[in-house]
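In: could you work out the structure for the sequence below:
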Amino acid sequence: MKRSLFLIAILLLLGFAVPASNAQQTSTPDDGSVDKGVYSNMFFGFSVAYPKDWVVHGEATNTRLKEIGKERATSTGAMSAASTEVILKNTYQLLTAFQYPMGAVVEVNPSFMLIAERVSHAPGIVTGRDYLLYVRPLMIKTGVLPVNDEPAPLMLGGRKFFRQDSRMQINGMSLDQSIIITVNQGFAIAFILSGKDRPSIDEMFKAVGTLKFVASPSASPRKPSPRLPRSKSKPRRRT
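Out: Numbering: from 1, shown residues only. So this is what the prediction gives:
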């Protein structure tokens with residue numbers, strides 16, 4: 001089970017994405033659309049703006065990224081090919097946006113990704129913090145080094161998320177990345193931000209801050225305490 005929950009933390013932190021499965025079905029977590037720089041998801045009931053003028057990639061790019069991700073997972077020994085296939089069935093790529101088109105000749109192509117992974121089979125994963133702490137040992141083993149010792153809590157769209165900042169070396173280049181994650185309806189919903197340095201991550205985070213849920217959770221209204229009937233006091237007898 002640990003390898004299953006590790007998919008987001010390792011494949012996506014390394015800048016790879018997995019494609020949404022069953023995209024034709026409107027009742028799945030990937031029931032979303034992009035319009036005028038805003039991604040809306042009907043399954044979870046939220047919308048979020050991605051960085052302005054960034055390139056949203058479709059199924060062809062996701063398919064290629066899937067192949068790269070699977071190769072990375074198996075070559076590093078993080079998981080077997082068979083395990084990866086099983087995991088992909090429970091993982092949905094909601095949004096993949098890059099600052100430049102895939103294939104552009106740039107030193108670093110920052111990415112803004114939104115992922116959902118089914119975690120209802122893992123009762124110990126209740127919050128984003130649970131998820132991040134659970135996969136942390138595996139992240140460290142693969143060279144993904146957390147910057148903050150404890151995932152930082154924050155509120156987005158009226159819901160509690162947790163943020164884990166990390167740093168890694170890929171092909172001799174240092175990269176900064178962040179996971180901002182919550183658990184909703186049995187799914188871990190994670191923003192994966194990847195860039196060349198911390199300022200670029202902070203700039204992308206401004207887009208995450210536009211997250212809006214259709215109905216923000218709020219404390220159940222307290223019912224007014226029932227009034228106790230007044231006791232009718234008997235008139236005192238004069239003596």
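
In: any chance you could map the helices in the protein?
Out: Taking DSSP state H, the helices of the chain run over residues 2-7, 59-75, 81-88, 128-141, 198-208.

In: what about residue 106, how many residues nearby?
Out: 12 (other C-beta atoms under 10 Å). The C-beta positions use only the backbone N, C-alpha and C, and glycine is treated the same way.

In: how about the nearest residue to it, chain neighbours excluded?
Out: residue 100 (5.4 Å; C-beta to C-beta, 6 or more residues apart in numbering).

In: dihedrals phi and psi, the one you found?
Out: Note on residue 100: its backbone torsions stand at phi -130, psi 160 [degrees, to the nearest 10].

In: what's the answer for the one 5 residues further on, then?
Out: Note on residue 105: its backbone torsions stand at phi -80, psi 90 [degrees, to the nearest 10].

In: any idea how far it lies from residue 140?
Out: 33 Å (C-beta to C-beta, to the nearest Å).

In: what's the answer for residue 104, then?
Out: With C-beta to C-beta as the criterion, residue 104 and residue 140 are 32 Å apart.

In: swap in residue 193?
Out: For residue 193, the distance to residue 140 - C-beta to C-beta - is 20 Å.

In: then residue 209?
Out: Counting by C-beta to C-beta - residue 209 and residue 140 are separated by 29 Å.

In: now residue 166
Out: 10 Å.

In: and for residue 125?
Out: 19 Å.

In: the more surrounded of the two?
Out: Neighbour count, other C-beta under 10 Å: between residue 125 and residue 140, residue 125 has more, with 22 against 12.

In: and the nearest residue to that one once chain neighbours are set aside, how far from residue 168?
Out: In space, and not counting its chain neighbours, residue 125 is closest to residue 119: 4.5 Å by C-beta to C-beta, 6+ apart. Relative to residue 168, residue 119 is positioned 24 Å away (C-beta to C-beta).

In: the more surrounded of those two?
Out: Ranked by neighbour count (other C-beta under 10 Å), residue 119 and residue 168 place residue 119 first, with 22 against 18.

In: residues contacting that one?
Out: 5, 125, 131, 183, 186, 187, 188 (C-beta atoms under 8 Å, 6 or more residues apart in numbering).

In: just residue 151 next, same as before
Out: 128, 129, 132, 133, 162, 163, 164.

In: and residue 55, how many neighbours?
Out: Residue 55, neighbours per other C-beta under 10 Å, totals 16.

In: was I right to think residue 120 contacts residue 183?
Out: No. Taking C-beta atoms under 8 Å as the definition, residue 120 is not a contact partner of residue 183, at 9.4 Å.

In: which of the two has more neighbours?
Out: Shown here are residue 120 and residue 183; by other C-beta under 10 Å, residue 183 has more neighbours (24 against 12).

In: thought that one was touching residue 123?
Out: No. In this structure residue 183 lies outside contact range of residue 123 using C-beta under 8 Å: 11.2 Å.

In: neighbours of residue 47, just the number please.
Out: 19.

In: same question for the one 5 residues further on.
Out: The tally of other residues near residue 52 (other C-beta under 10 Å) stands at 8.
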